[in-house]
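Q: have a look; sequence and predicted model below, questions after that.
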Amino acid sequence: MINRVVLVGRITKDPELRKAGSGEVVSFTIAINRRYANKDGNKEADFINCVAWNQTANFLSTYVKKGNLIGVEGRIETRNYDGNDGKKVYITEVRCESVQILESKNSSASIQTYQKEEIKFTKEADFDKDYSSAETFDIESDELPFY
């Protein structure tokens, strides 16, 4: 089974770091424009709830601000609790494992990344090659096919 999510969108408000029983946590929402406009010609957006823990949460609360274009990689999780009225409340959100700042809303910034684990993609012939210092590049929002 595969549970993998990759999102690119703008964060809707400044992340606030909170203490939780098992560490630090940040809950936030990403606004993602739909590719096509509705019948009225207006573009719509989806608002995706996300959560990040510990080091990823610290990264978000320190470097990410409202309006930043960010990339998120993680998995979908569903949790539930009993509401005040006794009914079960279900929450589905993306649990972030990797977050990248792709640009700031007001200016192009160099890409900053926090990733839970360093991931290297290699070919058999390049197995021993170190990709950790690979060159990065800026991506403009109009270069993204779904923005």
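A: Done, it's in.
Q: distance of Thr12 from Phe28?
A: 7 Å (C-beta to C-beta, to the nearest Å). (Each C-beta comes from the backbone N, C-alpha and C, glycine too.)
Q: of those two, who's got more company?
A: Higher neighbour count among Thr12 and Phe28: Phe28, with 26 against 14, using other C-beta atoms under 10 Å.
Q: would you say the more buried one is within a helix?
A: No: Phe28: not assigned to a helix; according to DSSP: H, G, I helix; E, B strand; the rest coil it is strand.
Q: any idea how far Val99 is from Val6?
A: Counting by C-beta to C-beta - Val6 and Val99 are separated by 11 Å.
Q: now do the shared contacts for these two.
A: By C-beta atoms under 8 Å, 6 or more residues apart in numbering, Val6 and Val99 have these common neighbours: Gly71, Val72, Glu73.
Q: tally of neighbours for the last one?
A: What it means is Glu73. Neighbours of Glu73 (other C-beta under 10 Å): 17.
Q: quick one: it from Asn38, how far?
A: 29 Å.
Q: of Val6 and Val99, who's got more company?
A: Val99 (27 against 10).
Q: I figured the more buried one was touching Ala57, is that so?
A: No: counting by C-beta atoms under 8 Å, Val99 sits too far from Ala57 to count as a contact (9.5 Å).
Q: show the pLDDT at the residue most central in space within the chain.
A: Taking C-alpha atoms, centre = their mean, the centroid of the chain lies closest to Val72, which sits 2.5 Å from it. We have a pLDDT of 95 for Val72.
Q: and it, how far from Glu97?
A: With C-beta to C-beta as the criterion, Val72 and Glu97 are 9 Å apart.
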